[in-house]
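In: fold the following and give me the result.
(one chain, ligands or ions: 1)
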Amino acid sequence: MNAAANPLRPAFLALLLGTATIVVPAQAETIEVTIDRLVYAPAEIEAKVGDEIEWINKDALVHTATMKGGTEVLVPAKKSGRLLMREPGSFDYICRYHPNMEGHITVRP
Ligand SMILES: [Cu+2]
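Out: Next up is the predicted model:
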């Protein structure tokens, strides 16, 4: 029997939970965009600052998500690429190699 240790346990758990609450910030999300046959789907997405966008490339071709203004994510064939959205704004992007591929991200504060 370990009766002496039991009264300490709830306090220990409360301490752990309290710590977790401090460490975990506002919940950030990962928003997935599939690339299939040279199309971003969905083409229009909304995110919050701190969210990540993940492009999942189902094609056997390299694609990119290239924002006007410079930021570029390389999305290799059959792989994925991620981008952390650090600022609010409205961003158009295209694929560097297939400029008729177009997508849009709205990032809210
Ligand atoms: Cu492409």
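In: how about the contacts made by the residue sitting nearest the centre point of the chain?
Out: Among the residues of the chain, the one closest to the centroid is Glu52, at 2.0 Å (Cα atoms, centre = their mean). If a contact means Cβ atoms under 8 Å, 6 or more residues apart in numbering, then Glu52 has Ala28, Glu29, Thr30, Ile31, Arg82, Leu83, Leu84, Met85 as its contacts. Glycine gets a C-beta too; all of them are placed from N, C-alpha and C.
In: try it again at 6 Å.
Out: If a contact means Cβ atoms under 6 Å, 6 or more residues apart in numbering, then Glu52 has Thr30, Arg82, Leu84 as its contacts.
In: which ones among those map onto helices?
Out: The helices, defined by DSSP state H, take in nothing from the contacts of Glu52.
In: now, which of these sits nearest Met67?
Out: Checking the contacts of Glu52 against Met67 by Cβ to Cβ gives Leu84 as the nearest, at 12.9 Å.
In: that closest one - how many residues pack around it?
Out: By the criterion of other Cβ atoms under 10 Å, Leu84 has 12 neighbours.
In: again, but for Glu46
Out: Neighbour count of Glu46, defined by other Cβ under 10 Å: 12.
In: who does it form a beta bridge with?
Out: For Glu46, the beta-bridge partners are Thr106 (DSSP bridges).
In: CSV please, covering the contacts of Glu52 and showing distance to the ion and pLDDT.
Out: CSV is the format used below for those (distance: Cβ to the ion, whole Å; pLDDT from 0 to 100):
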residue, distance to the ion, pLDDT
Thr30, 21, 97
Arg82, 17, 98
Leu84, 22, 97
